[in-house]
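>>> When you get a sec, could you give me coordinates for this:
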Amino acid sequence: MSENCLECNEPIKGRTDKKFCSDYCRNTYNNKVNKESKNLIRNINNRLNKNHRVLCEFNESGKTKVSRAKLIQQNFDFTLFTSIYTTKTGNTYYYCYDQGYLALDNDFYLLIKRE
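This is a model prediction of the structure:
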């Protein structure tokens, strides 16, 4: 009894436990199966990279202040960050990789770069 390839449905030759007739069919099948989860991860990574670029553009010196409006104008997404750091005094810094921001009064943010 011969098994058929899960991707192209052609008969498989070789080992009895093979599921695919070639590396091409195996890769094509697995890419289809993992497409949705990979797309989600790719989209989140793209948005994180966008946030990082925006912070780098405004924070060339390593420490600066910027208005919330300017960040929003550059499509900065405040819901996406890679880590949170809370100081002993209770200030919460949100980081996007090595670029961080702290909410200040009057809709301003302190931007810092982690060394």
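>>> quick one, helices of the chain?
23-33, 35-58, 68-73 (DSSP state H).
>>> so which of those helices comes closest to Leu110?
helix 35-58 (11.0 Å; CB to CB). In this view, the C-beta of every residue, glycine as well, is placed from N, C-alpha and C.
>>> And for Ile44, the neighbour number?
11 (other CB atoms under 10 Å).
>>> didn't it look like it was pressed against Phe81?
No - if you go by CB atoms under 8 Å, Ile44 and Phe81 don't touch, sitting 11.2 Å apart.
>>> ok, back up a step: CSV for the helices of the chain, including distance to Asn106 and mean pLDDT?
Shown next, in CSV, are the helices of the chain (distance: least, CB to CB, whole Å; pLDDT from 0 to 100):
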stretch, distance to Asn106, mean pLDDT
helix 23-33, 49, 93
helix 35-58, 17, 93
helix 68-73, 9, 96
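>>> Mind checking these for the one nearest to Tyr101?
Across those, closest to Tyr101 is helix 35-58 (CB to CB), at 6.7 Å.
>>> And the closest one, what does it pack against?
helix 68-73, strand 92-96, strand 99-103 (3 or more CB pairs under 8 Å, 6 or more residues apart in numbering; DSSP states H and E).
>>> C-alpha coordinates for that helix, CSV please?
C-alpha atoms of helix 35-58 as CSV (Å, rounded to 0.1, in the frame of the first residue of the first chain):
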residue,chain,number,x,y,z
LYS,A,35,0.6,31.2,7.4
GLU,A,36,-1.8,32.8,9.8
SER,A,37,0.5,32.7,12.9
LYS,A,38,3.5,33.8,10.9
ASN,A,39,1.5,36.7,9.4
LEU,A,40,0.4,37.8,12.9
ILE,A,41,4.0,37.8,14.2
ARG,A,42,5.3,39.5,11.1
ASN,A,43,2.7,42.3,11.4
ILE,A,44,3.5,42.8,15.1
ASN,A,45,7.2,42.9,14.4
ASN,A,46,6.6,45.5,11.6
ARG,A,47,4.6,47.7,14.0
LEU,A,48,7.3,47.4,16.7
ASN,A,49,10.0,48.4,14.2
LYS,A,50,7.8,51.4,13.1
ASN,A,51,7.5,52.5,16.7
HIS,A,52,11.3,52.1,17.2
ARG,A,53,12.0,54.2,14.0
VAL,A,54,9.7,56.9,15.3
LEU,A,55,11.4,57.0,18.7
CYS,A,56,14.8,57.1,17.0
GLU,A,57,13.8,60.0,14.8
PHE,A,58,12.7,62.1,17.7
